[in-house]
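> structure for the following, please:
(one chain, ligands or ions: 2)
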Amino acid sequence: MAAVMGSTLTEPIKIRVDRKVFPAVGERDEQLVLSNVAFEVEPRSFLVLTGPSGCGKSTLLNIVAGLDTDYEGAIDLGPGKDRMTYIFQSPRLLPWRTVYDNILLALPDGDPRVANIPAMLARVGLTEAANAYPERLSLGMQRRASLARGFILEPDILLMDEPFVSLDDPTAQSLRQLLIELWNSHPTTVIFVTHDRAEAVQLGTRILRLAPGRASVVQDARVRLTPAERLDRAVVLAEQTRIFAAA
Ligand SMILES: Nc1ncnc2c1ncn2[C@@H]1O[C@H](COP(=O)(O)OP(=O)(O)OP(=O)(O)O)[C@@H](O)[C@H]1O
Ligand SMILES: [Mg+2]
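Ligands and ions are numbered 1, 2, ... in the order given. Below is the predicted model of the structure:
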């Protein structure tokens, strides 16, 4: 990024979900998905929510994002609440707009950060594709565009739900590396959802693990890796073994 501004964020995000239930539908009983989940997210930390499919990760992220308000509890996003970006699993680019315009449209009219778009496109390796429409891009390229669109806003809070699933391993790895670089140059408060433990360890500074049937946080672990170590598979694997040894 050409001009990276420091984040003004100083307060932790406070998350408390006393109870989240999905009502009974047809044959299916009412389902308690989250119960007594309470934690704070330190400013500029990279928190990963992990756990197997169906344990409630997306439900929790949607509550944090304000997309789901049907729960008991309270979310306090602090001063970063107006500068929050959600990057979904599907890149959600506007199909009738070019890559450049998709990023441009994320910014308010007349925003000076328009000047940062070319550098951001270069950063994510999409300079050549700036004038292409999303349907002409591979999924990996669309995900790069989606990351660029998220980071151009220099958000204080960045929420991501499995943004790298269904990619081949080298592509996913290059996107994780890109995310590590982008986050190091603009250390925003991140909550990242993944079921992939290696990905959780590689990216996160802290990992909260949810377990199906428990409806709650069953593990809260710090990740002790430097940015350089995060790019070393063997070191990441060793840290993964340390963190999840008892899991
Ligand atoms: N809108 C909904 N209505 C009813 N039940 C739902 C709804 N959304 C999710 N659930 C149920 O709540 C539970 C948690 O779902 P959630 O999508 O949060 O899981 P997840 O951890 O994100 O899983 P995955 O890794 O597969 O994305 C699941 O049992 C799911 O079936
Ligand atoms: Mg999910």
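
> can we go C-alpha only for contacts and neighbour counts from here?
Fine.

> which helix or strand contains Ser174?
According to DSSP states H and E, Ser174 maps onto helix 169-185.

> and that helix, what's buried?
Using 16 or more other C-alpha atoms under 10 Å as the burial criterion, the residues of helix 169-185 that qualify are Ala172, Gln173, Leu175, Arg176, Gln177, Leu178, Leu179, Ile180, Leu182, Trp183.

> who touches Pro163 in this structure?
Ile87, Phe88, Gln89, Ser90, Pro91, Arg143 (C-alpha atoms under 8 Å, 6 or more residues apart in numbering).

> residue ranges with poor pLDDT in this protein?
Along the chain, the parts satisfying pLDDT under 70 run over 1-8.

> hey, where'd the strands end up in it?
Using DSSP state E, the strands of the chain run over 13-22, 31-41, 46-50, 72-76, 84-87, 157-161, 189-193, 206-211, 216-222.

> ok, residues contacting the fifth one?
Counting by C-alpha under 8 Å, 6+ apart, the neighbours of strand 84-87 from elsewhere in the structure are Ala65, Ser146, Leu147, Gly150, Pro155, Asp156, Ile157, Leu158, Leu159, Met160, Asp161, Pro163.

> residue closest to the middle of the chain?
Met160 (2.2 Å; C-alpha atoms, centre = their mean).

> now do that residue against ligand 1, distance only.
For Met160, the distance to ligand 1 equals 11 Å [C-alpha to the nearest ligand atom, to the nearest Å].

> for that residue, which residues make a bridge with it?
Ile87, Phe192 (DSSP bridges).

> OK, contacts around it?
Tyr86, Ile87, Phe88, Gln89, Val190, Ile191, Phe192, Val193.

> how many residues are close by the second one?
Same thing as Ile87. 20 (other C-alpha atoms under 10 Å).

> check the last one too.
Using other C-alpha under 10 Å as the criterion, Val193 is surrounded by 25 other residues.

> so which bits of stretch 30-40 are buried?
Val33, Leu34, Ser35, Val37.

> tell me the one among the contacts of strand 84-87 nearest to ligand 1.
Distance to ligand 1 across these (C-alpha to the nearest ligand atom) is lowest for Asp161, with 8.1 Å.

> hang on, the closest one packs against Phe192?
Yes: Asp161 is within contact range of Phe192, at 6.0 Å (criterion: C-alpha atoms under 8 Å).

> those two: which is more packed in?
Using other C-alpha under 10 Å as the criterion, Asp161 and Phe192 rank with Phe192 on top: 25 against 22.

> roughly how far apart are the more buried one and ligand 1?
Distance from Phe192 to ligand 1, by C-alpha to the nearest ligand atom: 11 Å.

> same check, this time on Asp70
11 Å.

> give the contact list for that residue.
For Asp70, counting by C-alpha under 8 Å, 6+ apart, the contacting residues are Lys20.

> domain assignment for this protein?
Using automatic domain parsing, the domain parsing of the chain gives 13-83+156-244, 95-154.

> ok, of the contacts of Pro163, which come out buried?
For the contacts of Pro163, buried by 16+ other C-alpha under 10 Å: Ile87, Gln89, Pro91, Arg143.

> which residues of this protein lie near ligand 1?
Within reach of ligand 1 by C-alpha under 6 Å from any ligand atom, the chain has these residues: Phe22, Val33, Pro52, Ser53, Gly54, Cys55, Gly56, Lys57, Ser58, Thr59, His195.

> from those residues, list the buried ones, please.
Buried residues within these, counting neighbours by 16+ other C-alpha under 10 Å: Val33, Cys55, Gly56, Lys57, Ser58, Thr59, His195.
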